[in-house]
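Trainee: Sequence first, predicted coordinates after that:
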Amino acid sequence: MKLIVAVAKNWAIGHNGGLLFDLPDDMAFFRRTTLNKVVVMGRNTLLSFPGGKPLKNRTNIVLTTNTEFEAEGCTICHSFQELFEELKNYNSDDVFVIGGGKIYNELYPYCSEAYITKVDAVEDADTFLHNFDEDEEWYLSYASEVHENNGFKFIFNTYKNKSIKNLE
Ligand SMILES: NC(=O)c1ccc[n+]([C@@H]2O[C@H](COP(=O)([O-])OP(=O)(O)OC[C@H]3O[C@@H](n4cnc5c(N)ncnc54)[C@H](OP(=O)(O)O)[C@@H]3O)[C@@H](O)[C@H]2O)c1
């Protein structure tokens, strides 16, 4: 399982239920990376998509504790136990955790890699990602050249996990 996210320099990822940046190159990277794969998200992230609709051409798995919640085109899981059972149906390299804050911060220890787009800006936010630079279990394995969209400079980083927790 892998994680994919865009963060500000202060590890901010969201505000008022929405994203912090509009970066076409990053959206293209996200789309290319997750297309025809499995995406795992929290209910808030699903609801942040246009019309609350799942991502096209991907298997969408949504976590919620609400047993009444239904979403067309999504597989719903009500606990990590249910999620991990469901994920046995897929190759773990094809599974991407796509947010938001709660889900990233609970599931990152189970991920082998994190694709982190780092934006050279400090943002006010209400949702933050775990700081991978300060986590000795993780190391930076790749950093791209600098990209720029809409006045924001950013790089694509890959971090690797030295001690992946097993999905049980
Ligand atoms: N920068 C990025 O790349 C990026 C990517 C995605 C999202 N975001 C941002 O992140 C923010 C949303 O993050 P968030 O932390 O508010 O919400 P979230 O992680 O998307 O969803 C949280 C919800 O997931 C469910 N959940 C969490 N853990 C669970 C568990 N163990 N079992 C069952 N259900 C569980 C709960 O739903 P119930 O309350 O229904 O039980 C919880 O309220 C938005 O601002 C969004 O734009 C940023």
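Mentor: Arrived safely, thanks for sending. Residues are numbered from 1 along each chain as shown.
Trainee: From here on, just use CA atoms for contacts and neighbour counts.
Mentor: Will do.
Trainee: Strands of this structure, residue ranges please.
Mentor: 2-7, 12-14, 38-42, 59-63, 74-77, 95-97, 113-119, 127-128, 138-143, 147-149, 152-161 (DSSP state E).
Trainee: Tabulate those (TSV), appending mean neighbour count and distance to the ligand.
Mentor: Shown next, in TSV, are the strands of the chain (neighbours: other CA atoms under 10 Å; distance: least, CA to the nearest ligand atom, whole Å):
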stretch	mean neighbour count	distance to the ligand
strand 2-7	22	3
strand 12-14	24	3
strand 38-42	24	3
strand 59-63	22	4
strand 74-77	20	7
strand 95-97	22	9
strand 113-119	22	8
strand 127-128	18	6
strand 138-143	15	17
strand 147-149	14	15
strand 152-161	18	12
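Trainee: Redo the ones you listed as TSV? Include mean pLDDT.
Mentor: Below are those laid out as TSV (pLDDT from 0 to 100):
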stretch	mean pLDDT
strand 2-7	98
strand 12-14	98
strand 38-42	98
strand 59-63	98
strand 74-77	98
strand 95-97	98
strand 113-119	98
strand 127-128	98
strand 138-143	98
strand 147-149	98
strand 152-161	98
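Trainee: Quick test: name the residue nearest the centre of the chain.
Mentor: residue 98 (2.5 Å; CA atoms, centre = their mean).
Trainee: I'd say that residue and residue 6 touch.
Mentor: No - between residue 98 and residue 6 there is no contact under CA atoms under 8 Å: 9.9 Å.
Trainee: sorry, back to before: separation between the residue nearest to the centre of the chain and the ligand?
Mentor: To the ligand, residue 98 is 5 Å away according to CA to the nearest ligand atom, to the nearest Å.
Trainee: Please shift the residue numbers so they start at 38 in all later answers.
Mentor: Okay, using 38 as the starting number, the last item reads as residue 135.
Trainee: Can you name the residues that contact that residue?
Mentor: 40, 41, 42, 76, 77, 78, 141 (CA atoms under 8 Å, 6 or more residues apart in numbering).
Trainee: so the first one bridges to which residues?
Mentor: It refers to residue 40. As for beta bridges, residue 40 partners with residue 134, residue 151 under DSSP bridges.
Trainee: hmm, back to that, I'd like the strands of the chain as JSON lines, with distance to residue 63 appended.
Mentor: Below are the strands of the chain laid out as JSON lines (distance: least, CA to CA, whole Å):
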{"stretch": "strand 39-44", "distance to residue 63": "8"}
{"stretch": "strand 49-51", "distance to residue 63": "14"}
{"stretch": "strand 75-79", "distance to residue 63": "17"}
{"stretch": "strand 96-100", "distance to residue 63": "20"}
{"stretch": "strand 111-114", "distance to residue 63": "24"}
{"stretch": "strand 132-134", "distance to residue 63": "15"}
{"stretch": "strand 150-156", "distance to residue 63": "7"}
{"stretch": "strand 164-165", "distance to residue 63": "18"}
{"stretch": "strand 175-180", "distance to residue 63": "14"}
{"stretch": "strand 184-186", "distance to residue 63": "9"}
{"stretch": "strand 189-198", "distance to residue 63": "8"}
